[in-house]
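Engineer: Sequence unavailable; structure follows:
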């Protein structure tokens, strides 16, 4: 489907630049309200992360929903997966997330969840876009929507997260460092792990509207590594700004990415007889993950990058486990979307039940050296269609032959071209990646 406003993960961009403006969000609330409740009535939840523009967009969406005759229930700061859960638990028609995930504070965006807590179908997004192209008409006063705040939203979600951990185990005896990225999990994640019995050291739990993802969280792991070693912790857990991704650090300070976490969860599910099929990764998943699953006779498929496509591939085969290198892991036997806290708990359950460290659980997987470089775009151009870039890509693939692979793609969430190269020889991988990134830059 050709989308005018929606990207691979909702609508996202720099605050103040169309369509991430208050007037557009007003009309988006109205259009979404009309489509998602079939022209009025019912209720829609609104949650947000901690970036300063969330106040503005929350008010604009609330006004648009009210104009369409829809009641809105405000959740306040809440992780994206928490909004998905509460949409189901409170029997809402839909949930709206105001967040730009791992992006800096000056970006923001909107994501939607259906009544079932899953991403909207293409045809629903298409219907919302069609409504956006019509003139906005306010309901008569007696049929306007109302607004209410859900005061117990954090507590409800905390209890849900805890319920995904095996009830015959706890986290007593474990020391963990949790980095909340100064984002939506700051008042949620520490309580989940502490109430399960862990000794918790917290960083990134002082949001001020501007410091979300700034030098912390799943995209900046230096501080977490430092704190894990300082406190002699068993693991470090890094969430992103909206709480749907997780990365970890082991007790030696080594970064454990989404591919490795997916491996740990998959092997644990296989050993406990709860894997129910294979595992879905993406085009970015490390070749070492694919080979490790092959050794264990676990089927593995690659989807396009983005949790939407991972989910589609999982549903096609009725599989329950999938994820991305970035730490976006989906456990459909626990919840309906990627959830950083829930995913971390599945890894910790594997550690507890096996009585092994995270390092020990990863002995069956050897990652190939992989380099990922980002080339920022100053304007929207199709760099990948340019002949010098296509020629450089062919040369890179020829040089690596069957000893590695290359991937060039446009980011679905930021104005970037991602250059990924992996192979058996680390020196060769770095050289090929640098050369390819340089050609992409020069073509701009």
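Structural biologist: Perfect, thanks for sending it. What you are looking at is a predicted structure, and each value in this text was computed from that prediction instead of being measured. Numbering: from 1, shown residues only.
Engineer: Show me the contact partners of the longest helix that the chain contains.
Structural biologist: Scanning the chain for the longest helix, with DSSP state H as the assignment, gives helix 426-443. If you take Cβ atoms under 8 Å, 6 or more residues apart in numbering as the criterion, helix 426-443 is touched by 369-373, 375, 383, 386, 388-389, 392-393, 396, 399-400, 403-404, 406, 408, 417, 419-423. To be clear about C-beta, it is placed using only N, CA and C from the backbone, and glycine gets the same treatment.
Engineer: Weed out the non-buried ones from the residues you listed.
Structural biologist: Neighbour-count burial (16 or more other Cβ atoms under 10 Å) is assigned, among the contacts of helix 426-443, to 369-371, 373, 375, 383, 386, 389, 392-393, 396, 399-400, 404, 406, 408, 417, 419-423.
Engineer: mind listing which of the residues you listed are in helices?
Structural biologist: Going by DSSP H, the helices hold 389, 392-393, 396, 399-400 from those.
Engineer: Let me have these in CSV, extended by pLDDT and distance to residue 441.
Structural biologist: Below are these laid out as CSV (pLDDT from 0 to 100; distance: Cβ to Cβ, whole Å):
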residue, pLDDT, distance to residue 441
389, 91, 10
392, 92, 11
393, 93, 14
396, 93, 15
399, 92, 19
400, 90, 21
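Engineer: export the residues you listed to CSV and tack on distance to residue 205?
Structural biologist: Formatted as CSV, these follow (distance: Cβ to Cβ, whole Å):
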residue, distance to residue 205
389, 42
392, 44
393, 43
396, 42
399, 46
400, 43
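Engineer: So which elements touch the lowest-mean-pLDDT helix or strand in the chain?
Structural biologist: Least confident helix or strand of the chain, by mean pLDDT, DSSP states H and E, is strand 404-410 with a mean of 89. Judged by 3 or more Cβ pairs under 8 Å, 6 or more residues apart in numbering; DSSP states H and E, the packing partners of strand 404-410 are helix 387-400, strand 416-423, helix 426-443.
Engineer: can you tell me the average pLDDT over the shortest one?
Structural biologist: Rounded to a whole number, the mean pLDDT of strand 416-423 is 92.
Engineer: cool, stretch 60-78 as well?
Structural biologist: Averaged over stretch 60-78, pLDDT sits at 97.
Engineer: end to end, how far does it reach?
Structural biologist: Counting by Cα to Cα, to the nearest Å, you get 18 Å between the two ends of stretch 60-78.
Engineer: Report the separation between the spatially closest residue to residue 209 that is not a sequence neighbour and residue 357.
Structural biologist: For residue 209, ignoring the flanking residues on the chain, the nearest one in space by Cβ to Cβ, 6 or more residues apart in numbering is residue 52 at 3.3 Å. Distance, residue 52 to residue 357, using Cβ to Cβ, to the nearest Å: 40 Å.
Engineer: cool, residue 230 as well?
Structural biologist: Separation of residue 230 from residue 357 (Cβ to Cβ) stands at 18 Å.
Engineer: The two: which is more packed in?
Structural biologist: Shown here are residue 230 and residue 357; by other Cβ atoms under 10 Å, residue 357 has more neighbours (14 against 11).
Engineer: Per-residue pLDDT of that one, please?
Structural biologist: Looking at residue 357, its pLDDT is 97.
Engineer: Compute the number of surrounding residues for the closest residue to it other than its chain neighbours.
Structural biologist: Computed as Cβ to Cβ, 6+ apart, the closest residue to residue 357 that is not its neighbour in sequence is residue 251, at 6.2 Å. By other Cβ under 10 Å, 16 other residues sit near residue 251.
Engineer: so who does residue 251 touch?
Structural biologist: Neighbouring residues of residue 251 by Cβ under 8 Å, 6+ apart: 228, 232-235, 357-359.
Engineer: Read off the pLDDT value for it.
Structural biologist: With respect to pLDDT, residue 251 scores 97.
Engineer: What separation is there between it and residue 231?
Structural biologist: Distance from residue 251 to residue 231, counting by Cβ to Cβ: 10 Å.
Engineer: pLDDT weak spots in this protein?
Structural biologist: 1-2 (pLDDT under 70).
Engineer: so where do the helices sit in it?
Structural biologist: Taking DSSP H as the test, the helices found in the chain are 22-36, 54-67, 80-89, 122-132, 153-163, 189-195, 222-231, 258-271, 287-295, 307-317, 340-354, 358-361, 387-400, 426-443.
Engineer: which other residues reach the shortest one?
Structural biologist: Think helix 358-361. By Cβ under 8 Å, 6+ apart, helix 358-361 touches 234-235, 248, 250-252, 254, 256, 264, 267-268, 347, 350-351, 354.
Engineer: Report the buried residues of stretch 149-165.
Structural biologist: For stretch 149-165, the neighbour count (16+ other Cβ under 10 Å) marks 150, 153-154, 156-158, 160-162, 164-165 as buried.
Engineer: Would you map out the domains in this protein?
Structural biologist: Residue ranges for the domains of the chain, per automatic domain parsing: 11-152, 174-254, 257-339+360-367, 370-443.
Engineer: From the ones in helices among the buried ones among the contacts of helix 426-443, pick the one nearest residue 197.
Structural biologist: Distances from residue 197 to those, taken as Cβ to Cβ, are shortest for residue 400 (47.3 Å).
Engineer: ok, now how distant is the closest one from residue 421?
Structural biologist: From residue 400 over to residue 421 (counting by Cβ to Cβ), the distance is 7 Å.
Engineer: Can you pull the residues that touch both of those two?
Structural biologist: By Cβ under 8 Å, 6+ apart, residue 400 and residue 421 have these common neighbours: 406, 432.
Engineer: from the contacts of residue 251, which is closest to residue 35?
Structural biologist: Closest to residue 35 out of the contacts of residue 251 is residue 235 (42.8 Å), distances taken as Cβ to Cβ.
Engineer: residues touching residue 150, list them.
Structural biologist: Each residue near residue 150 by Cβ under 8 Å, 6+ apart is listed here: 45, 73-76, 86, 90.
Engineer: From these, keep the buried residues only.
Structural biologist: 45, 73-76, 86.
Engineer: I'd like those residues as TSV, with distance to residue 208 appended.
Structural biologist: TSV is the format used below for these (distance: Cβ to Cβ, whole Å):
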residue	distance to residue 208
45	25
73	26
74	21
75	20
76	16
86	25
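Engineer: give me the number of residues near the residue nearest to residue 337 when sequence neighbours are not counted?
Structural biologist: Among residues not flanking residue 337 along the chain, residue 84 sits closest, at 4.7 Å (Cβ to Cβ, 6+ apart). Using other Cβ under 10 Å, the number of residues around residue 84 comes to 29.
Engineer: ok, so of the ones in helices among the buried ones among the contacts of helix 426-443, who is nearest residue 99?
Structural biologist: Sorting those by distance to residue 99 puts residue 389 at the head of the list, at 32.1 Å, by Cβ to Cβ.
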